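Enquirer: One predicted model, sequence on top.
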Amino acid sequence: MRRTHIHVRQVGSWSEQLNLLFRDYLREHEDAKMKYAEVKYELANLYRDQRGNYVEGKSEIVWDILMKANLWSQKIGWRPFKEDY
């Protein structure tokens, strides 16, 4: 059976905003999206049954993307889409 993870966020919370920004940055930056996917697949194969190691392994790229997304958001005046609410 394939495992699925669902993330639930409170509308308007910092956690929700951060995740929407992450999503939108990846949608607009194909190179970052492809690198993130590559890292995730490598880690998934390496840590198939070790979720904690998988999550820890993603930390560096996630923080790198978030720092770039933060700068991008300020440059373009990013806001979540109305459809996100």
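Expert: Sure, I can see it.
Enquirer: alpha carbons only for contacts and neighbour counts from here, please
Expert: OK.
Enquirer: Need the contact partners of stretch 67-76.
Expert: By C-alpha atoms under 8 Å, 6 or more residues apart in numbering, the surrounding residues in contact with stretch 67-76 are 21-22, 25, 78-79.
Enquirer: what about 6 Å?
Expert: residue 25 (C-alpha atoms under 6 Å, 6 or more residues apart in numbering).
Enquirer: now do stretch 50-57
Expert: With contact meaning C-alpha under 6 Å, 6+ apart, stretch 50-57 is reached by 43, 47.
Enquirer: how about that stretch: buried residues?
Expert: 54, 57 (16 or more other C-alpha atoms under 10 Å).
Enquirer: where's that stretch relative to the chain centroid, distance-wise?
Expert: 15 Å (C-alpha atoms, centre = their mean, to the nearest Å).
Enquirer: any idea of the mean pLDDT for that stretch?
Expert: Stretch 50-57 carries an average pLDDT of 96.
Enquirer: ok, now stretch 70-85?
Expert: 91.
Enquirer: In CSV, list the C-alpha atoms belonging to it.
Expert: Only the C-alpha atoms of stretch 70-85 are listed here, as CSV (Å, rounded to 0.1, in the frame of the first residue of the first chain):
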residue,chain,number,x,y,z
ASN,A,70,11.4,34.9,0.4
LEU,A,71,13.5,37.2,-1.8
TRP,A,72,11.3,36.5,-4.8
SER,A,73,8.1,37.2,-2.8
GLN,A,74,9.4,40.6,-1.8
LYS,A,75,10.5,41.5,-5.3
ILE,A,76,7.2,40.7,-6.9
GLY,A,77,4.9,41.5,-4.0
TRP,A,78,3.7,37.9,-3.7
ARG,A,79,0.3,37.2,-2.1
PRO,A,80,-1.6,33.9,-2.0
PHE,A,81,-4.3,33.5,-4.7
LYS,A,82,-7.9,34.1,-3.7
GLU,A,83,-8.6,30.6,-4.8
ASP,A,84,-6.4,29.4,-1.9
TYR,A,85,-9.0,30.5,0.6
